[in-house]
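# just to be clear, the model below is a prediction. Sequence and coordinates:
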Amino acid sequence: MLPRDPAQPHRTASTLELFFDLVFVVAVSIASAELHHALSHGDFVHGITSYAMVFFAVWWAWMNFTWFATSFDTDDWLYRVTTIVQMGGVLVFAAGIPPAFERGDFTLPVIGYIVMRIAMVVQWLRASRGAGELRAATIRYAVGIAAVQVLWVLFLLIPSGTLQLIAFVAFALIEVSVPVFAEYRRQTPWHPHHITERYGLFTLIVLGESLLASANAIIDAGHELESLVPLISISALTLVVTASLWWIYFWAPHHRAITSFGSSLRYGYTHYVVFGAAAAFSAGIEVELDVLTGESHLSGIAASFTVTIPIAVFLIGIWIVAIRANADRLVNTVVPLGALVVLLDPILPIPVAITALVLVAIVAVLVLRPPVDKSP
């Protein structure tokens, strides 16, 4: 298991990586559905905190495998088997998301997460045998990941509530510090085109949840004839918004965003809020549908905020990590300003429509103003 060439031509995502992503579709879908139910019932604080905790594990496990694969993917039988073990951990984790939301029981999620992480320890230990000058970094990864799993076992002993949330934040900060600890002297190689393609593929997964919400609106329209026009409108506007978010995300040449160790950390870590916001957007659309069909007693303003806040967070996140450094002054004004204007949507009488118009306007500017190369 030798380090991969970071300049390898035509490096693309493997079929194993695409297969690996499929199990995360399950986890993201369940997390989004649970967030939808919590928000629809007005349980905002518990719903958002539970979602943030669950989505952290989804994002971190996916990201760690992705960066390891860009450096050491051998695609032999042992690598494949170890990856499939990780996939099993994801499915166990996904099965535990509902009880984590409903009663703060994180037993199954922690078990599934530890399975995923121990499999990564095995991968790093195997990589250490042929890593050469990177051996110290691979060993630090293995030791750091293994040590943090002890903390997650202890996490199960903490009763749900404020103390559990504080412990989660502390343990999560230790977890995300492992790459910094492991690579502070010498960095493992990464292929910029490959790694950013992987992030783009996961973005498609989370945006796909919004398309499912759009389809659900059409399905509901067939059963709620009195709300036919609003439901069809929500469906159409959701498609426009989702397509706009896709356009905006892929406008920038992402491979330019990870030219150094610091920039790679910023790119990877900021995607926690980018991915989380994209998946939360679909939950917000489902909340809007519940309000329209009378299944939720939320006010129209509150329901609209569940849509506009994730969109604004997504826009600001992707502007920071990819767009800002590749855009001229006009684009760098329009994108963040558009994110702020989106937040005005809840106080207007036309839910989602203003947001759709703003996003289409941003896309129009991006079409007229292509990316610029600011590299020295």
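Structure received. Residues are numbered from 1 along each chain as shown.
# residue contacts, R80?
R80 is in contact with L16, counting by Cβ atoms under 8 Å, 6 or more residues apart in numbering. Every residue, glycine included, has its C-beta placed from N, CA and C.
# just checking, next helix/strand downstream of the helix or strand of the chain with the lowest mean pLDDT?
In the chain, no helix or strand scores lower on mean pLDDT, DSSP states H and E than helix 192-221, which sits at a mean of 83. Toward the C-terminal end, the helix or strand that comes next after helix 192-221 (DSSP states H and E) is helix 228-249.
# tell me how far that following helix lies from the chain's centre.
Put simply, helix 228-249 sits 20 Å off its chain's centre (Cα atoms, centre = their mean, to the nearest Å).
# residues of whichever helix or strand comes after it that come out buried?
Of the helices and strands lying after helix 228-249 in sequence (DSSP H and E), the nearest is helix 261-292. Applying a neighbour-count criterion of 16 or more other Cβ atoms under 10 Å, the buried positions in helix 261-292 are 261, 264, 267-268, 270-292.
# same thing with stretch 297-309?
The neighbour-count check on stretch 297-309 (16+ other Cβ under 10 Å) flags L298, A302, A303, S304, F305, T306, V307, T308, I309 as buried.
# what sits closest to the last one if chain neighbours are left out?
Take I309 and drop its neighbours on the chain: the residue closest to it by Cβ to Cβ, 6 or more residues apart in numbering is L343, 7.2 Å away.
# the one you found contacts A312, correct?
Yes: the pair L343 / A312 is scored as a contact, 5.4 Å apart, by Cβ atoms under 8 Å.
# the two - which one has more neighbours?
A side-by-side neighbour count of L343 and A312, using other Cβ atoms under 10 Å, places A312 first with 20 against 15.
# taking their axis directions, the least confident helix or strand of the chain and helix 228-249 sit at what angle?
Counting by axes from the mean of the first three to the mean of the last three Cα atoms, to 10 degrees, helix 192-221 lies at 180 degrees to helix 228-249.
# that older thread, from the buried residues of stretch 297-309, which land in helices?
Using DSSP state H, the members of the buried residues of stretch 297-309 that fall in helices are A302, A303, S304, F305, T306, V307, T308, I309.
# elements contacting the helix or strand where G144 lies?
For G144, the host element (DSSP H and E) is helix 135-155. Helix 135-155 sits against helix 107-128, helix 162-183, with contacts defined as 3 or more Cβ pairs under 8 Å, 6 or more residues apart in numbering; DSSP states H and E.
# what's the spacing between the nearest residue to V28 once chain neighbours are set aside and I311?
Nearest residue to V28, sequence neighbours excluded (Cβ to Cβ, 6+ apart): A279, at 5.3 Å. Distance, A279 to I311, using Cβ to Cβ, to the nearest Å: 12 Å.
# residue contacts, the residue nearest to G88 when sequence neighbours are not counted?
Distances taken as Cβ to Cβ, 6+ apart place V115 nearest to G88, at 6.5 Å, with adjacent residues excluded. Taking Cβ under 8 Å, 6+ apart, we find V115 in contact with V85, Q86, G88, G89, V92.
# kindly report the same for A280.
Here A280 is in contact with S32, L35, Y51, T306, I309, P310 (Cβ under 8 Å, 6+ apart).
# can you rerun that using 7 Å?
For A280, the contact set (Cβ atoms under 7 Å, 6 or more residues apart in numbering) comprises L35, Y51, P310.
# same list, those residues, but as CSV with distance to L366 and neighbour count please.
Converted to CSV, the contacts of A280 look like this (distance: Cβ to Cβ, whole Å; neighbours: other Cβ atoms under 10 Å):
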residue, distance to L366, neighbour count
L35, 29, 29
Y51, 30, 24
P310, 20, 25
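# let's have these in TSV, adding pLDDT and distance to R198.
Listed next are the contacts of A280 as TSV, based on pLDDT from 0 to 100; distance: Cβ to Cβ, whole Å:
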residue	pLDDT	distance to R198
L35	94	24
Y51	95	23
P310	95	22
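# between the residues you listed, which sits nearest R135?
R135 lies nearest to Y51 out of those, by Cβ to Cβ, at 38.6 Å.
# helix or strand for the closest one, which one?
Here Y51 is assigned to helix 44-72, by DSSP H and E.
# and the angle for that helix with helix 135-155?
With the same axes, to 10 degrees as the basis, helix 44-72 and helix 135-155 are set at 160 degrees to each other.
# right, and the helix or strand after helix 44-72?
Beyond helix 44-72 in the direction of the C-terminus, DSSP H and E gives the next helix or strand as helix 77-95.
# how about that following helix: buried residues?
Quick answer for helix 77-95 (16+ other Cβ under 10 Å): Y79, T82, T83, V85, Q86, M87, G89, V90, V92, F93, A94, A95.
# show me which of those is closest to P253.
Comparing the buried residues of helix 77-95 against P253 with Cβ to Cβ places T83 closest, at 28.8 Å.
# pLDDT weak spots in the stretch 1-150 of the chain?
Across the stretch 1-150 of the chain, nothing is flagged by pLDDT under 70.
# wouldn't S160 be in contact with G104 here?
Yes: using Cβ atoms under 7 Å, S160 makes contact with G104 at a distance of 2.8 Å.
# just the pLDDT for the residue nearest the centre of the chain.
Central residue of the chain (Cα atoms, centre = their mean): F275, 2.4 Å from the mean position. Per-residue confidence at F275 stands at 96 (pLDDT).
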